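Peer 1: Sequence first, then the predicted structure:
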Amino acid sequence: MMDDMPKATISTLRHKTGTLLKLAKTHPILITSYGKPAFVLMSAVHYDRLSGNEAHAP
């Protein structure tokens, strides 16, 4: 699953937060640190779907 996700470094997240947040509305983004997976940035709607809590989804 993580192989086909868009990727960004923590440094990119710091410098292009707005751009990555816009992209995360439609695609989860893998955030890497020193080349290794560290975080996944995703919309709250996507998170709710994954966690089975769709009460907040529009």
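Peer 2: On my side now, so go ahead.
Peer 1: From now on I want contacts and neighbour counts done on CA atoms only, so please keep to that.
Peer 2: Fine.
Peer 1: Give the full set of residues in contact with the residue positioned nearest the centre of the chain.
Peer 2: For the chain, Leu41 is the residue whose C-alpha lies nearest the centre (Cα atoms, centre = their mean; 2.1 Å). Shown in contact with Leu41 (Cα atoms under 8 Å, 6 or more residues apart in numbering): Leu21, Ala24, Pro28, Ile29, Leu30, Ile31.
Peer 1: can we see that at 6 Å?
Peer 2: When contacts are counted by Cα atoms under 6 Å, 6 or more residues apart in numbering, Leu41 touches Pro28, Ile29.
Peer 1: SS state for the residue nearest to Val40 when sequence neighbours are not counted?
Peer 2: In space, and not counting its chain neighbours, Val40 is closest to Leu30: 4.6 Å by Cα to Cα, 6 or more residues apart in numbering. Look at Leu30: counting by DSSP: H, G, I helix; E, B strand; the rest coil, its state is strand.
Peer 1: Skip the chain neighbours and tell me the closest residue to Leu23.
Peer 2: That would be Ile29: by Cα to Cα, 6+ apart, it lies 7.9 Å from Leu23.
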